[in-house]
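> This is a predicted model, with the sequence first.
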Amino acid sequence: GAVVSQHPSWVICKSGTSVKIECRSLDFQATTMFWYRQFPKQSLMLMATSNEGSKATYEQGVEKDKFLINHASLTLSTLTVTSAHPEDSSFYICSARTVVVNDEQFFGPGTRLTVL
Amino acid sequence: AQKITQTQPGMFVQEKEAVTLDCTYDTSDPSYGLFWYKQPSSGEMIFLIYQGSYDQQNATEGRYSLNFQKARKSANLVISASQLGDSAMYFCAMREDYSGGGADGLTFGKGTHLIIQP
C-alpha cells in the first residue's frame, strides 16, 4: 500500500520558536495532502488542505499565519508552526490522498509536538 | 450538529467475540464516503474499510465489515472474531464530495476506545 512518512516523529521546543514538520508520500504522487491536529484523547481535526503548487486552504478557526503550509512538490508538504506556544502542543498528522483505490487517504505516523 | 457521531466512548469485549462499533452521520450531500480507521497507542492511523454512498453492497475487508444503512445514516463497523491486537481507538470519518471542508478532507467522530479482554 501507499506509504506516507513524517519527520520528525516528535519534537520538543521552547516557546517562541518555529517548528517545521515534513510530510512525504514515498511511493506515489499526491496532488493533495491534508494536515490534521489531535489533542490528547480527542479526535482528529482537519486544519488545512495542501495542494501542490498552490496556496493551502485553511479550515475555519485555523490561523494561516501561524501554521504555514508549503506543498512544493507532488511528494512533499511541510507544516511550519511559527512562534509556537504551549497551547500548540499536539499530535500533528498528515495524510495524502490517492485516487487509485476508493479515494483513500493514507496517513503519516504523526508528529508529537511539545512546546515548553 | 455533529457530522459524525460515535456514541460509545469505550467498549470491553471478550476475545473471539464479534463487536459492533456504532457510527451515524449527517450530510445533505448526495455523494460522500465513509471510512473507519484504527488508532493504536502508537498514534498511527490505520485504514480499515471504506464505503461509498452509491455502493450497493456493504463493504467487507477480512474480519471487518461495514453495516451501511443509508436511510438511517448509519455506518457501523463490525469486527468478527475479535483479537487482543484489536484493542485500540476506532474512528469513523466522512468525506463529503460537495460541501465537505477542505476539498475532501475528512471529518472524524470522537472515537470509540475498544478493549479486548482475554
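In hand now; what should we look at?
> So what touches stretch A:77-89?
The contact list for stretch A:77-89 (C-beta atoms under 8 Å, 6 or more residues apart in numbering or on different chains) reads A:13, A:15-23, A:30, A:33, A:35, A:47, A:50, A:65-72, A:92, A:94, A:96, A:113-116. All C-beta spots, glycine's among them, are computed from the backbone N, C-alpha and C.
> And it, end to end?
End-to-end distance of stretch A:77-89 (C-alpha to C-alpha, to the nearest Å): 20 Å.
> Just the buried residues of that stretch, please?
A:Ser77, A:Thr78, A:Leu79, A:Val81, A:Ala84, A:Asp88, A:Ser89 (16 or more other C-beta atoms under 10 Å in any protein chain shown).
> just stretch A:11-31 next, same as before
Judged by neighbour count (16+ other C-beta under 10 Å), stretch A:11-31 contains these buried residues: A:Val11, A:Cys13, A:Val19, A:Ile21, A:Glu22, A:Cys23, A:Arg24, A:Ser25, A:Phe28, A:Ala30, A:Thr31.
> what's the nearest residue to the third one if we skip its chain neighbours?
Okay, so that is A:Val19. A:Val81 (4.8 Å; C-beta to C-beta, 6 or more residues apart in numbering or on different chains).
> Show the pLDDT at that neighbour.
Note for A:Val81: predicted pLDDT of 97.
> So in terms of bridging, what pairs with it?
When bridges are called by DSSP bridges, A:Val81 pairs up with A:Val19, A:Phe67.
> do B:Leu21 as well
B:Leu77.
> Correct me if wrong: it contacts B:Gln8.
Yes: between B:Leu21 and B:Gln8 a contact is recorded at 6.5 Å, counting by C-beta atoms under 8 Å.
> Neighbour count: those two, which is higher?
Between B:Leu21 and B:Gln8, counting by other C-beta atoms under 10 Å in any protein chain shown, B:Leu21 is the more crowded of the two (23 against 16).
> Spit out the contact partners of the more buried one.
B:Leu21 neighbours (C-beta under 8 Å, 6+ apart): B:Gln6, B:Gln8, B:Met11, B:Trp36, B:Asn76, B:Leu77, B:Val78, B:Ile79, B:Tyr90, B:Cys92, B:Thr112, B:Leu114.
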